[in-house]
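Visitor: Predicted model, plus sequence, below.
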There are 2 protein chains.
Amino acid sequence: MKSSNNIRAFDHSLPMALLKARESVMKTFVPHLRAHDLSPQQWRVLRVLNESDGLEMTEISKNCFLLMPSLTRIVQNLSKRGLVLRSVSTKDRRRSIIILTERGNKLFQLIAPESEALYLHITDTFGYGKMELLYELLEELVQKINDPN
Amino acid sequence: MKSSNNIRAFDHSLPMALLKARESVMKTFVPHLRAHDLSPQQWRVLRVLNESDGLEMTEISKNCFLLMPSLTRIVQNLSKRGLVLRSVSTKDRRRSIIILTERGNKLFQLIAPESEALYLHITDTFGYGKMELLYELLEELVQKINDPN
DNA sequence: AGATATTATTTAACATGTTAAATTATAAGG
DNA sequence: CCTTATAATTTAACATGTTAAATAATATCT
């Protein structure tokens, strides 16, 4: 029974389209990460710390696109498991500095190549040109929504 | 300090790009829905029920792209608030049938036009052609990941 | 029919998302 | 200095995401 009003059909929803695409992509990565007992979010944190170690919570939050309350819990978890180490900044005792432990770094080095291979497979399946085009469109969408001159 | 290894930079991550785009879009809709005490997920359920009322949990789950445990809680919530009504199927007592109440329908009719206006504004800002292209790319991405002939 | 498999849905347990309020430490102003 | 504002982070409270296990009803098989 179709709707009797003139509301746009639900299957033409931008948030849904983006969600479905993301789910499809994540479906590739999640089992792989789970095999190492990592959530996608925990992995993002390890990844960002590998790129530039010794970050403050707020910096990680911005780079990982995670809200502070989520990040607090994630870092507590990773810290308990000995994958990262927290220390208080000497300059400003409100701030924490998070670094990868040896173990955290080793885990990253183990997972990263496999993860990269999965990403390349997706790029190959979808097509490199289309992938780049998609990135550009997504970025332009964000930029225009945030600053619609 | 950039990473000293050859791992792809974090800022070129497809899941992140999709997440950021989705967040940008949602930022437009969420405050509007919150003004009516609805989460995006609750709104999805109302929307699907408006399109075809009298659906089973599993059908709603598929249409809304919500996992069953989430949907269980969402429908309980909406039911408590008198926006939907649950009844047990007479053919198969494992199944429930969910319908919009009068109040649920009224709320939908109130929100839908405003929501549609926001969507049109985004389409206009981004450009209709680009929006269509984005939909096509996202759909093709999903299709190729799920069935990489 | 009666044992067994399958299906629809819920519950459990834990992680994350999200907004508001609380905490603690530094910065700014009088 | 001392009060007040601001900033970094956490806590609280509730909704959702996610996987596994439990429930309950129907279907299947012999």
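Guide: Alright, I've got the coordinates. Residues are numbered from 1 along each chain as shown, chains lettered A, B, ... in the order given.
Visitor: Nearest spatial neighbour of A:Val30, chain-adjacent residues omitted?
Guide: Spatially, and ignoring its direct neighbours in sequence, A:Val30 is nearest to A:Pro40 (6.4 Å; C-beta to C-beta, 6 or more residues apart in numbering or on different chains). The way it works is simple: take the backbone N, C-alpha and C, and place the C-beta from them, glycine included.
Visitor: can I assume A:Arg22 is in contact with B:Ala21?
Guide: No - counting by C-beta atoms under 8 Å, A:Arg22 does not reach B:Ala21; the two are 9.0 Å apart.
Visitor: which one of the two has more residues nearby?
Guide: Here A:Arg22 and B:Ala21 are compared on neighbour count by other C-beta atoms under 10 Å in any protein chain shown; more neighbours surround B:Ala21, at 27 against 21.
Visitor: show me the contacts for that one.
Guide: A:18, A:138, A:141-142 (C-beta atoms under 8 Å, 6 or more residues apart in numbering or on different chains).
Visitor: Is there contact, residue-wise, from the host helix or strand of it to DNA strand C?
Guide: For B:Ala21, the host element (DSSP states H and E) is helix B:14-34. Yes - remark: helix B:14-34 sits within contact range of DNA strand C at B:23, B:26, B:30, B:34, by C-beta under 7 Å from any atom of the strand.
Visitor: since we're on the first one, how many residues are nearby?
Guide: B:Glu23 sits with 15 neighbouring residues when counted by other C-beta under 10 Å.
Visitor: cool, and the second one?
Guide: A total of 16 residues lie near B:Met26 under the criterion other C-beta under 10 Å.
Visitor: what about it, distance to chain A?
Guide: Summarising the geometry, the distance separating B:Met26 from chain A, computed by C-beta to the nearest C-beta, to the nearest Å, is 6 Å.
Visitor: what secondary structure does A:Ile122 sit in?
Guide: helix (DSSP: H, G, I helix; E, B strand; the rest coil).
Visitor: Ramachandran angles for the residue nearest to A:Met57 when sequence neighbours are not counted?
Guide: Taking C-beta to C-beta, 6+ apart, and ignoring the residues beside it in sequence, A:Met57 has A:Ser96 as its nearest neighbour in space, at 5.5 Å. As for A:Ser96, its main-chain torsions (degrees, to the nearest 10) stand at phi -110, psi 150.
Visitor: surely A:Ser96 meets A:Ser89?
Guide: Yes - proximity of A:Ser96 to A:Ser89 meets the contact threshold set by C-beta under 8 Å, at 6.8 Å.
Visitor: okay, and the common contacts of those two?
Guide: The overlap between the contact sets of A:Ser96 and A:Ser89 (C-beta under 8 Å, 6+ apart) consists of A:Glu56.
Visitor: neighbour count winner among those two?
Guide: Per other C-beta under 10 Å, whichever of A:Ser96 and A:Ser89 has more neighbours is A:Ser96, with 16 against 11.
Visitor: what are the bridge partners for that one, then?
Guide: With beta bridges defined as DSSP bridges, A:Ser96 has these partners: A:Val88.
Visitor: What residues does it make contact with?
Guide: A:56-57, A:86-89.
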